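K.L.:
How does the following fold in three dimensions:
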Amino acid sequence: MAHLYIMGRCDAPGALKVGRSDDPARRALDLQAGHFFTMTVLARVEHAGRHERAVHAALQDRRIQGPGVEWFRCSLGDARVAIGRVLGAAEVGEEAVDAETEEVEETPNTRSEADDIL
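P.N.:
Residues are numbered from 1 along each chain as shown. Next comes the predicted model:
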């Protein structure tokens, strides 16, 4: 069953990716492969991947316009609150969200062409 995750990019502070994956750490590696940035899994909600679209709808006013529909300009706290509302809780706390902070580093931290997009 898929997990709901929140990820960040080392070169794009304030931009968060909210998505779903059976293995968020592996997904982070896939996203950064061949690029000059690293992805960090900031939070994961176990077995809540089915709520991805509802969370995206809750964050709609914060969506970053561009090629990806899973990127939002908001704080980690705001994203957690949106997930909590979708899941029926007042706020998603540590007991529901595994705040991992596992940085998946494969390439050097330098400027990329994505800086021009975000």
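
K.L.:
any chance you could map the helices in the chain?
P.N.:
In the chain, the helices defined using DSSP state H lie at 24-32, 52-58, 76-87.

K.L.:
Save those helices as TSV, and put in mean neighbour count and mean pLDDT too.
P.N.:
C-beta here means a position set from N, CA and C on the backbone, and glycine is covered the same way. Formatted as TSV, those follow (neighbours: other C-beta atoms under 10 Å; pLDDT from 0 to 100):
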stretch	mean neighbour count	mean pLDDT
helix 24-32	19	96
helix 52-58	17	95
helix 76-87	19	95
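
K.L.:
Which among the ones you listed is found nearest to residue 67?
P.N.:
Evaluated with C-beta to C-beta, these place helix 24-32 nearest to residue 67, the distance being 13.0 Å.

K.L.:
The closest one: how far from the chain's middle?
P.N.:
Offset of helix 24-32 from its chain centre (C-alpha atoms, centre = their mean, to the nearest Å): 11 Å.

K.L.:
Using CSV, write out every CA atom in that helix.
P.N.:
Taking Å, rounded to 0.1, in the frame of the first residue of the first chain, the C-alpha atoms of helix 24-32 are listed here in CSV:
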residue,chain,number,x,y,z
PRO,A,24,9.5,7.3,-0.7
ALA,A,25,13.2,7.1,-0.2
ARG,A,26,13.6,5.2,-3.5
ARG,A,27,11.3,7.8,-5.2
ALA,A,28,13.6,10.6,-3.9
LEU,A,29,16.6,8.8,-5.5
ASP,A,30,14.7,8.5,-8.8
LEU,A,31,13.7,12.1,-8.9
GLN,A,32,17.3,13.4,-8.3
